[in-house]
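Participant: Whatever this is, show me its structure:
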Amino acid sequence: MERFVAKSVELDSFDHALLREMQIDNQTPARVLAERVGLSQSAVLRRLRRLRAEKIITADISVVDPEVMGVPVTVHVLVSIIQGSRTYADFGRKLQARPEVKQASYVTGGADFVLHLQVESMAAYAEFAREVFHDDPNVAEYHTYISMRQVVGPTVGR
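Facilitator: The predicted model follows:
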């Protein structure tokens, strides 16, 4: 598993304001960002370059409607595996190789991993569960939660 390393980068109120705006819409033109945060357009562009170079902004991505991509079923899974750092790392690598896994976190509490999956159907999830959970002797148990609808997220209310 990766070790967490705290970033020791100084961010001022303008940086924080820019980061809030970028999390809402990273395609907002620099001139609009400049108006919203109270800086010049060139200062906004300089700060954004620095924030990307320092890996404060770690990715510029597009959130795509899962139905358009043919994976309309959102599944969340809590997975408990047999204890051991090697089994955690092995399971993490297995998850990285699966396109259905959109996010996976190693967590504290009653489970070891929380997964966010996008699949085309319940049949596709059943196949995933067989291959990833049932066929893995290190998986102690898993609990599946099917999303009915998203209530908070980047596309809610748009």
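Participant: switch to C-alpha atoms for all contacts and neighbour counts from now on
Facilitator: Noted.
Participant: Can you tell me the closest non-neighbouring residue to A43?
Facilitator: A34 (8.0 Å; C-alpha to C-alpha, 6 or more residues apart in numbering).
Participant: oh sorry, the question was meant for A30
Facilitator: Spatially, and ignoring its direct neighbours in sequence, A30 is nearest to Q41 (5.6 Å; C-alpha to C-alpha, 6+ apart).
Participant: any idea of the mean pLDDT for stretch 117-129?
Facilitator: Stretch 117-129 comes out with an average pLDDT of 98.
Participant: Residue numbering should commence at 53 henceforth.
Facilitator: In the new numbering, first residue 53, that becomes stretch 169-181.
Participant: hang on, the earlier thing: need the contact list for the residue nearest to A95.
Facilitator: For A86, the contact set (C-alpha atoms under 8 Å, 6 or more residues apart in numbering) comprises 92-93, 95-96.
Participant: mind checking which helix or strand it is in?
Facilitator: A86 belongs to helix 82-89 when elements are defined using DSSP states H and E.
Participant: List the buried residues in that helix.
Facilitator: 82, 85-86, 89 (16 or more other C-alpha atoms under 10 Å).
Participant: Redo those as CSV? Include pLDDT and distance to E119.
Facilitator: Shown next, in CSV, are the buried residues of helix 82-89 (pLDDT from 0 to 100; distance: C-alpha to C-alpha, whole Å):
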residue, pLDDT, distance to E119
A82, 97, 31
L85, 98, 31
A86, 98, 35
V89, 98, 35
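Participant: quick one, strands of this protein?
Facilitator: Along the chain, the stretches classed as strands by DSSP state E are 125-133, 153-158, 165-171, 191-198.
Participant: now the angle from the second one to strand 165-171?
Facilitator: This points to strand 153-158. 170 degrees (axes from the mean of the first three to the mean of the last three C-alpha atoms, to 10 degrees).
Participant: Outside of strand 153-158 itself, list whatever touches it.
Facilitator: Contacts of strand 153-158 (C-alpha under 8 Å, 6+ apart): 147, 164-170.
Participant: what's the farthest-apart pair in those residues?
Facilitator: Across the contacts of strand 153-158, the longest distance by C-alpha to C-alpha is 19.9 Å; it joins D164 and Q170.
Participant: Skip the chain neighbours and tell me the closest residue to V159.
Facilitator: Per C-alpha to C-alpha, 6+ apart, closest to V159 is F165, 5.5 Å.
Participant: And for the one you found, the neighbour number?
Facilitator: Using other C-alpha atoms under 10 Å, F165 has 20 neighbouring residues.
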